[in-house]
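# Please find the sequence and the predicted model below.
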Amino acid sequence: MWWVLGWIFIFPVPLTILILRSKTLKPVLKVLIIALAWIVYIAIAESADEEEKNTDGDEKASVEMKELSEACA
């Protein structure tokens, strides 16, 4: 169960464990794959955070426009 939750919510953790256990990959390749996985994960998290900030701003602007149009009418 924890393994599945790890893949769903924090995919670089199980990926890191699998890569570190691999005996066929060279150490340099292991480090590159792990670093890339974490960079992608962090970029996704930052992107989601930016979208949330933009959504809040759009809602505020919409409310302000509605109030302004009501005040003019």
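Happy to help now that I have it.

# drop to CA atoms for contacts and neighbour counts, all remaining ones
OK.

# Which parts of the protein are helices?
With helices called from DSSP state H, the chain shows them at 2-9, 12-21, 27-72.

# what is the mean pLDDT for the last one?
For helix 27-72, mean pLDDT is 75.

# Same question for the first one.
Regarding helix 2-9, the rounded mean pLDDT is 74.

# What is the burial count for G6?
Around G6 there are 14 other residues, counting by other C-alpha atoms under 10 Å.

# burial of P12, as a residue count?
Quick note: P12 (other C-alpha under 10 Å) scores 22 neighbours.

# Look up how far L5 lies from it.
12 Å (C-alpha to C-alpha, to the nearest Å).

# same question, I19
Separation of I19 from L5 (C-alpha to C-alpha): 18 Å.

# nearest spatial neighbour of K30, skipping sequence neighbours?
Among residues not flanking K30 along the chain, I19 sits closest, at 6.2 Å (C-alpha to C-alpha, 6 or more residues apart in numbering).

# Check I19 and give its pLDDT.
pLDDT, read off for I19, is 90.

# contacting residues around L18?
Counting by C-alpha atoms under 8 Å, 6 or more residues apart in numbering, L18 makes contact with nothing.

# what about it, distance to I42?
Relative to I42, and taking C-alpha to C-alpha, L18 is found at 19 Å.

# that older thread, next, show the common contact partners of P12 and L5.
The overlap between the contact sets of P12 and L5 (C-alpha under 8 Å, 6+ apart) is empty.

# Please identify which of I19 and L5 sits among more neighbours.
More crowded of I19 and L5, by other C-alpha under 10 Å: I19, with 18 against 11.

# looking at it, the more buried one is touching V28, isn't it?
No. Taking contacts as C-alpha atoms under 8 Å, I19 lies outside contact range of V28: 11.4 Å.

# Need the residues touching each of the two.
Joint contacts of I19 and V28 (C-alpha under 8 Å, 6+ apart) do not exist.
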